[in-house]
Each structure stands twice: as C-alpha cells, then as structure tokens.
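Visitor: need coordinates for the following:
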Amino acid sequence: MMLHSASALCLLLVTVSSNLAVAIRKEKRPPQTLSRGWGDDITWVQTYEEGLFYAQKSKKPLMVIHHLEDCQYSQGLKRVFAQNEEIQEMAQNKFIMLNLMHETTDKNLSPDGQYVPRIMFVDPSLTVRADITGRYSNRLYTYEPQDLPLLIDNMKKALRLIQVEL
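Guide: All right, here's what the predicted structure looks like:
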C-alpha cells in the first residue's frame, strides 16, 4: 500500500511538473528579434529598402522608429508603445513597420538631425512625411511616453493622407 501511494505521488509530481514546464515554455516565448521589444505580434521589416518596397506594394504607409537600446528615452517610449493596444493594432494591420538602431542613407529621414527616439512616416508614393510631427519644436519627430495620444493621431493622419493623395 505504501509503495502504491508513493508511486502515485511520484506520478502526480511528474504530471504537475511537466504541465508547469509546458506553461513556462508557452509564457517564455522568445521575442521576435526584429521587434526588439516594440511589439512581438507586429510583422517588422528588416531594412529601410525592404520597408519602402512593401509600402509601395501594399499601399500602406511605412512607420520608421529610430531608437537605441541604451537610451532611456527610447526605452520609455518602447515600453508604452508595446503596451498600447490601439497602436499595436494599427501597427499590425495598417502599416509597414521598421525599427532601426542605426541611421539610413536617406537624409529625408533626419530632416532636423539624427536623434532618438524619432518616428517618421513614409507614404506609399515613397514620400517622407516631414509634415507629420510631434510636439517639440527642437526635435520635431520625437515622442515621449505621455505623447502617445499624439502619436496615435499622427498614425491616423498618415493613413488619412494616403487616402486623399493616392
């Protein structure tokens, strides 16, 4: 009897621990490397050139996020960007998305300097939308965590402009 309950207990422990391992495995899904923490459910392009290609092909605007891993401002923006459902939904379905930790050769993506975080929009006609800006006159394309409502409005503006202009 003692042996039987010991083996039953052992079997129970194996079952619980394997279920726990499955739960842990599901929870610790490795992040998609291209997302770099900006949203793992978003399909990210790898290069600016690839982004331009897909923007033109899909007739969706390209959203380019310039950031650095060791920049506290980039990290702060990334945290709220990744947690905001409206931004994540729009980014997943209505935009071609690119996040970069280096500058591109296109000077149109840094009209007022090379700083991070910086978010620029490029429409499907491959025009950089320098007219879609944040709220800071000294860094026109930067956003801080509290600026998410403006970023959401600017994403909607980028979508509206392509409807009007294409």
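
Visitor: ok, residue 67 - contacts?
Guide: Counting by C-beta atoms under 8 Å, 6 or more residues apart in numbering, residue 67 touches 36, 74, 77-78, 99-101, 116-118. For the C-beta atoms, the positions are set from N, CA and C on the backbone; glycine is no exception.

Visitor: one more time with 7 Å, if that's ok
Guide: Taking C-beta atoms under 7 Å, 6 or more residues apart in numbering, we find residue 67 in contact with 74, 78, 99, 101, 116-117.

Visitor: what does residue 103 give?
Guide: Per C-beta under 7 Å, 6+ apart, neighbours of residue 103: 110, 114.

Visitor: so what pLDDT did it get?
Guide: With respect to pLDDT, residue 103 has a value of 90.

Visitor: restricted to helices, list the contacts of residue 67.
Guide: Counted as lying in helices by DSSP state H, out of these, are 74, 78.

Visitor: Serialize the contacts of residue 67 to a markdown table and add fields for distance to residue 49 and neighbour count.
Guide: As requested, the contacts of residue 67 are exported to a markdown table (distance: C-beta to C-beta, whole Å; neighbours: other C-beta atoms under 10 Å):
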| residue | distance to residue 49 | neighbour count |
| --- | --- | --- |
| 74 | 23 | 23 |
| 78 | 24 | 22 |
| 99 | 15 | 23 |
| 101 | 16 | 14 |
| 116 | 21 | 18 |
| 117 | 22 | 23 |
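
Visitor: between the contacts of residue 67, which sits nearest residue 126?
Guide: Minimum distance to residue 126 across the contacts of residue 67 is 19.1 Å, recorded for residue 99 (C-beta to C-beta).

Visitor: quick check: pLDDT value at that closest one.
Guide: At residue 99, pLDDT is 96.

Visitor: re the thing from before, may I see the contacts of residue 67 organised as JSON lines, with distance to residue 123 added?
Guide: Converted to JSON lines, the contacts of residue 67 look like this (distance: C-beta to C-beta, whole Å):
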{"residue": "74", "distance to residue 123": "25"}
{"residue": "78", "distance to residue 123": "24"}
{"residue": "99", "distance to residue 123": "19"}
{"residue": "101", "distance to residue 123": "24"}
{"residue": "116", "distance to residue 123": "23"}
{"residue": "117", "distance to residue 123": "21"}
